[in-house]
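Student: Need coordinates for the below:
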Amino acid sequence: MAEIIIVPSEEAAGALVADEIVRLIRARPDVVLGLATGSTPVPVYEALRPRLEGVDVSRVRGFALDEYVGIDPAHPESYRSVIAREVVEPLGLTPGLVHTPNGSMDGIEHAGEDYEAAIEEAGGIDLQILGIGTSGHIGFNEPGSSFASLTRVKTLLEQTREDNARFFDSIDDVPVHCITQGLGTILRARHLVLLAFGEGKADAVAGAVEGPVTSSLPGSAIQLHPHATVVVDEAAASRLENRDYYRYAWANKPAWQGL
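Tutor: As a prediction, the model looks like this:
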């Protein structure tokens, strides 16, 4: 099962995960990170900034989870722009080593295969940061996605578009299609770190962690991974039946095991 860590705040979660990422970079300067967008991973990126002072990040590589299809890459809400603005620039990463799927209509038919090949060529993802949507999606793998799925084009649920409309002028501006790493792609990463905050994510977290493994709740795929860590605040953990055990296990975890 996934390791569940309940923290008092988003800031505490960000610090915990940032410390692990810094440890990985120091151990392997060309580490490959899987980068999520949206508001959930922001505390991690913010916590990384002071921790990376004096650390050589010039060889760190990254792959974003997803991208909108048909959006101008220069649009402020394209994930290429978001990753550049929130990760690459503030952390001082090398822009050419951080990739997003190609959402351009030119070549979209083979964009998924191209992205899979690029990840494989990099040696695979060492640590994949994940959020979870209110529908239970991870990446843009909506309910019904195959656990064997690879990077491909998907149609976004209206609920997902409504959740993301806050980043656009209106829901009409939110693209209908995306290109996303598949659940099979995500499960190949060596370490999954899923973060969730707030009461609105509580049902999705409980289903993903303690419910049945089902394509109806794509986040439940993490139960199949040998090294998955779920970091949640008290509100997001509020529907977990075994939260007292999770607290006990984390408090008594051997230090040598790390995150």
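
Student: Tell me the backbone dihedrals of Tyr79, please.
Tutor: The phi and psi values for Tyr79, taken as degrees, to the nearest 10, are phi -70, psi -20.

Student: What about it, how many residues nearby?
Tutor: 24 (other Cβ atoms under 10 Å). For every residue, glycine as well, the C-beta is placed using N, CA and C.

Student: same deal with Ala249?
Tutor: Neighbours of Ala249 under the rule other Cβ under 10 Å: 13.

Student: quick one: Ile119 from Leu130, how far?
Tutor: Going from Ile119 to Leu130 by Cβ to Cβ, to the nearest Å gives 15 Å.

Student: Neighbour count: the two, which is higher?
Tutor: A side-by-side neighbour count of Ile119 and Leu130, using other Cβ under 10 Å, places Leu130 first with 24 against 21.

Student: gap between that one and Tyr45?
Tutor: According to Cβ to Cβ, Leu130 stands 14 Å off from Tyr45.

Student: for Phe167, same thing?
Tutor: To Tyr45, Phe167 is 16 Å away according to Cβ to Cβ.

Student: neighbour count winner among the two?
Tutor: Higher neighbour count among Phe167 and Tyr45: Tyr45, with 20 against 14, using other Cβ under 10 Å.

Student: And what about the more buried one, helix, strand or coil?
Tutor: Three-state call for Tyr45 (DSSP: H, G, I helix; E, B strand; the rest coil): helix.

Student: Flag every buried residue along the lowest-mean-pLDDT helix or strand in the chain.
Tutor: Least confident helix or strand of the chain, by mean pLDDT, DSSP states H and E, is helix 158-164 with a mean of 86. Within helix 158-164, the residues that qualify as buried are Thr160, Arg161, Asp163, Asn164, counting by 16 or more other Cβ atoms under 10 Å.

Student: same check, this time on stretch 123-137
Tutor: Buried, per 16+ other Cβ under 10 Å, within stretch 123-137: 125-137.

Student: average pLDDT across whatever helix or strand comes next after the least confident helix or strand of the chain?
Tutor: With elements assigned by DSSP states H and E, the helix or strand that comes after helix 158-164 is strand 177-180. The average pLDDT within strand 177-180 is 95.

Student: repeat for stretch 67-79
Tutor: Per-residue scores along stretch 67-79 average to 92.
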